[in-house]
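Enquirer: Kindly return the folded structure for what I paste below:
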Amino acid sequence: MVSMEFIYLAIPMASLAGAIIAGFFGKQIGRSGAHCVTISGVAVSFILSLLVLNNVAFEGAPIYNQSVYTWMISDGIRFEVGFLIDGLTALMMAVVTGVSLMVHIYTIGYMHDDDGYQRFFSYISLFTFSMLMLVMSNNFLQLFFGWEAVGLVSYLLIGFWFKRETAIYANMKAFLVNRVGDFGFLLGIAVVLMYTGSLDYYEVFDRADALVAATTQVIPGIDWSVITLACILLFIGAMGKSAQVPLHVWLPDSMEGPTPISALIHAATMVTAGIFMVARMSPLFELSSTALSFVIVIGATTAFFMGLIGIVQNDIKRVVAYSTLSQLGYMTVALGASAYSAAIFHLMTHAFFKALLFLAAGSVIIAMHHEQDIRKMGGLKKYMPITYWVSLVGSLALIGFPGTSGYFSKDAILIATKNADVWGADYAYWAVLLGVFVTAFYSFRMFFLVFHGKERMDEHTRSHLHETPPVVTVPLILLAIPSAIIGWFTIETVLFSDFFDQAIVIFEEHGAMAAVAEAFHGPASFVLHGLAPGPTWLAAGGVIAAWIIYLKKPGWAAQIKSKLELPYRILDNKYYFDRFNEIVFAATARAVGQVLWRLGDALMIDGLMVNGSARLVGWISGKLRHVQTGYLNHYAFAMISGLILLLGWVVLG
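Expert: Next comes the predicted model:
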């Protein structure tokens with residue numbers, strides 16, 4: 001019988017093997033060979049992940065926490081590769097591999113004519129391996145390895161079409177912004193290591209009292225709680241990976257990558273890493289109310305204000321991208337409210353309907369001959385019926401329509417936030433509550449403009465419109481099913497059973513999830529609860545407003561825009577974050593670089609060391625060459641003089 005240890009190792013290795021074969025032997029195995037080997041690898045990872053999830057959720061398998069390989073031991077600190085398999089890990093593994101498998105299959109159709117076909121499959125399979133290593137880790141070293149690996153592969157994928165200047169700009173932007181977050185993350189790990197002497201999760205959690213008891217002075221004369229400092233630094237890393245304000249600016253620009261990678265980044269891999277990490281670190285975050293307040297305020301700000309930007313976007317992928325930013329804010333709010341299980345539950349449901357929306361957007365883009373402006377679409381329902389219905393399912397799940405997967409997880413977050421007792425919870429509740437209306441408005445604005453109303457595409461595009469092939473639509477249908485119904489079957493297990501008991505720690509004084517449990521009397525009752533006046537009515541209001549403005553009275557949109565010119569300009573310029581970063585950080589960095597170049601490179605290195613030494617040698621040579629006269633008597637005189645001096649030195653010495 002195959003041991004569980006072998007299965008745990010095989011899950012990431014299967015995806016890695018596919019990436020290596022497609023990457024190094026792509027020319028030999030061809031396009032079909034590349035997608036066959038990578039899809040097979042991810043399929044193996046998915047099937048084994050489901051087996052692990054079944055063992056953990058239904059068969060009561062004990063927690064597995066073992067080292068696989070010891071890389072180094074230094075001063076008593078062990079640097080290891082190891083796996084921690086519990087409910088949190090098992091759920092993340094199933095979500096990551098399941099969504100990745102759908103993206104792999106979809107990619108066959110989307111990237112069919114691309115010259116970098118084999119390279120793309122290698123990258124997305126490597127992306128899956130990196131995320132699996134991150135979520136399966138049992139120590140900070142491996143966590144950081146997976147953290148940086150997903151950052152590296154995202155850089156390669158966002159800039160996959162490297163001949164496009166915008167793609168190179170976007171992947172460099174993502175890389176640099178994430179370096180800011182990762183610097184904080186690395187400092188947080190260093191603080192943990194300094195005060196606990198270990199990188200192993202369980203050992204750190206057991207020694208957390210050392211972090212609580214200690215203080216340090218980041219600013220001279222002001223004592224900081226070490227546990228608060230460590231948690232905030234770790235969360236800064238999450239702000240980068242999970243795109244929270246102000247480190248969110250890279251995520252919308254990541255749309256420059258091919259649509260399959262947009263789906264994979266936004267749904268199941270990179271952006272969920274920060275949410276997972278904070279949930280995994282719940283034994284530390286529960287010890288600092290200040291850190292929880294910091295988390296909930298940042299999340300609420302992201303959820304509401306990034307959603308507003310989605311209202312003015314016209315690129316179909318960017319609308320979905322800003323919805324990702326907003327939904328990540330919801331997850332972060334749940335983390336700050338100590339509703340970690342609700343955050344992970346929303347992460348799971350969001351992974352399905354967000355992957356569905358991105359891939360459906362890709363289907364539209366294919367049919368529209370790679371046109372992405374929703375103002376040039378309209379009336380696609382009759383041309384693309386499958387894409388239409390799956391997009392409707394995804395949009396309803398996104399706005400939290402009662403009964404869809406998004407409803408169960410979003411409503412749980414709203415209840416938890418309303419009952420949270422940390423500073424900033426009231427602000428967070430109103431932000432996420434108003435965000436319900438905003439989400440519904442921009443989601444159905446896009447839906448109505450794309451699939452309903454007047455056909456605004458050119459005649460050539462209209463004459464060639466048709467549904468995309470099965471290799472594109474089948475993954476959409478398979479993602480639409482869990483987007484619609486998975487909440488019914490999982491809410492009780494994920495939120496109200498002992499599924500996360502040993503993975504997530506919540507102190508008794510943090511009663512947000514207890515309030516959610518009190519409001520839950522089964523999935524059907526939970527859905528009926530949503531029909532009462534509240535969030536569902538706000539979502540309905542957003543849909544109706546979008547219907548009136550963009551279908552019933554289409555002229556109103558231009559009138560509203562002209563009357564609200566200043567707010568529109570602010571939203572269209574994304575609150576000027578990019579401009580601020582360009583002026584303050586990028587321009588400053590270039591100015592400092594220019595100064596350092598002039599002082600260091602131009603003056604010191606080129607001026608003195610390289611060109612200066614060459615000029616010195618030339619000057620000395622110019623003087624010495626006058627000694628070479630070409631007369632024999634001069635040379636004889638020099639030789640005799642030298643001999644006399646040498647003999648004199650020997651005798652006198």
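Enquirer: tell me the contacts of the closest residue to residue 267 other than its chain neighbours?
Expert: Closest residue to residue 267 apart from its sequence neighbours, by C-beta to C-beta, 6 or more residues apart in numbering: residue 355 at 3.8 Å. All C-beta spots, glycine's among them, are computed from the backbone N, C-alpha and C. Contacts here follow C-beta atoms under 8 Å, 6 or more residues apart in numbering; on that basis residue 355 touches 99, 102, 103, 263, 264, 266, 267, 268, 479.
Enquirer: Report pLDDT for residue 48.
Expert: pLDDT for residue 48: 95.
Enquirer: That one belongs to a helix, doesn't it?
Expert: Yes: Residue 48 sits within a helix when classified using DSSP: H, G, I helix; E, B strand; the rest coil.
Enquirer: neighbours around it, how many?
Expert: Residue 48 has 22 neighbouring residues, counting by other C-beta atoms under 10 Å.
Enquirer: mind checking how far it is from residue 280?
Expert: Distance, residue 48 to residue 280, using C-beta to C-beta, to the nearest Å: 21 Å.
Enquirer: Name the spans of the chain whose pLDDT lies under the cut-off.
Expert: Where the chain drops to pLDDT under 70, the residues are 1-2, 602, 608, 653.
Enquirer: Quick check: the residue nearest to residue 267 is in a helix.
Expert: Yes: under three-state DSSP, residue 355 sits within a helix.
Enquirer: Please identify the buried residues of stretch 300-319?
Expert: Going by neighbour count (16 or more other C-beta atoms under 10 Å), the buried part of stretch 300-319 is 300-313, 315-319.
Enquirer: repeat for stretch 146-155
Expert: Applying 16+ other C-beta under 10 Å to stretch 146-155 flags 146, 147, 148, 149, 150, 151, 153, 154, 155 as buried.
Enquirer: Which helix or which strand is home to the residue nearest to the spatial centre of the chain?
Expert: With distances taken as C-alpha atoms, centre = their mean, the residue of the chain nearest its centroid is residue 271 (2.2 Å). Secondary structure assignment for residue 271, by DSSP states H and E: helix 270-280.
Enquirer: And residue 81, by the same measure?
Expert: Going by DSSP H and E, residue 81 is in strand 77-85.
Enquirer: what angle do that strand and helix 270-280 make?
Expert: 100 degrees (axes from the mean of the first three to the mean of the last three C-alpha atoms, to 10 degrees).
Enquirer: which strands and helices sit next to strand 77-85?
Expert: Counting contacts by 3 or more C-beta pairs under 8 Å, 6 or more residues apart in numbering; DSSP states H and E, strand 77-85 is packed against helix 4-24, strand 64-74, helix 117-136, helix 140-158.
Enquirer: which residues of the chain fall in strands?
Expert: 64-74, 77-85, 215-219, 222-225 (DSSP state E).
Enquirer: what about residue 166, how many neighbours?
Expert: 12.
Enquirer: Surely it and residue 254 touch.
Expert: No: in this structure, residue 166 is not within contact of residue 254 by C-beta atoms under 8 Å, at 11.3 Å.
Enquirer: Ranking the helices and strands packed on strand 77-85 by mean neighbour count, which comes first?
Expert: Mean neighbour count (mean count of other C-beta atoms under 10 Å) peaks for helix 117-136 among those, with a mean of 26.
Enquirer: just checking, what packs against it?
Expert: helix 4-24, helix 26-57, strand 77-85, helix 87-110, helix 140-158, helix 259-267, helix 270-280.
Enquirer: can you tell me how far the residue nearest to residue 267 sits from residue 389?
Expert: Distance from residue 355 to residue 389, by C-beta to C-beta: 16 Å.
Enquirer: likewise residue 628?
Expert: 93 Å.
Enquirer: Would you mind telling me which of the two has the busier surroundings?
Expert: residue 389 (16 against 9).
Enquirer: residues near the residue nearest to residue 449 when sequence neighbours are not counted, how many?
Expert: Nearest residue to residue 449, sequence neighbours excluded (C-beta to C-beta, 6+ apart): residue 374, at 4.5 Å. Residue 374 has 24 neighbours, counted by other C-beta under 10 Å.
Enquirer: How far does stretch 518-534 stretch from one end to the other?
Expert: Stretch 518-534 has an end-to-end distance of 18 Å (criterion: C-alpha to C-alpha, to the nearest Å).
Enquirer: circling back: just to be sure, which of the buried residues of stretch 300-319 are found in helices?
Expert: Members of those lying in helices (criterion: DSSP state H): 300-310, 316-319.
Enquirer: Return the two entries of these that lie farthest from one another.
Expert: The span of these, defined through C-beta to C-beta, is set by 300 and 316 at 26.9 Å.
Enquirer: So residue 204 sits against residue 192, correct?
Expert: Yes: contact between residue 204 and residue 192 holds when scored by C-beta under 8 Å: they sit 5.7 Å apart.
Enquirer: Of the two, give the one with the bigger neighbour count.
Expert: Comparing residue 204 with residue 192 by other C-beta under 10 Å, the one with more neighbours is residue 192, at 27 against 24.
Enquirer: so who does residue 23 touch?
Expert: The contact partners of residue 23, by C-beta under 8 Å, 6+ apart, come to 118, 119, 122, 123, 126.
Enquirer: Kindly recompute the last result at 6 Å.
Expert: residue 122 (C-beta atoms under 6 Å, 6 or more residues apart in numbering).
Enquirer: what's the spacing between it and residue 118?
Expert: According to C-beta to C-beta, residue 23 stands 8 Å off from residue 118.
Enquirer: and if you look at residue 488?
Expert: Distance, residue 488 to residue 118, by C-beta to C-beta: 40 Å.
Enquirer: Next: residue 648.
Expert: Distance check for residue 648 against residue 118: by C-beta to C-beta, it reads 80 Å.
Enquirer: Next: residue 51.
Expert: Per C-beta to C-beta, residue 51 is found 30 Å from residue 118.
Enquirer: same check, this time on residue 494
Expert: Counting by C-beta to C-beta, the separation of residue 494 from residue 118 is 38 Å.
Enquirer: what's the answer for residue 584, then?
Expert: Taking C-beta to C-beta, one finds residue 584 at 42 Å from residue 118.
Enquirer: wait, what's in contact with the residue lying closest to the residue nearest to the centre of the chain once chain neighbours are set aside?
Expert: Excluding the flanking residues, the one nearest residue 271 by C-beta to C-beta, 6+ apart is residue 242, at 5.2 Å. Taking C-beta under 6 Å, 6+ apart, we find residue 242 in contact with 271, 274, 275, 328.
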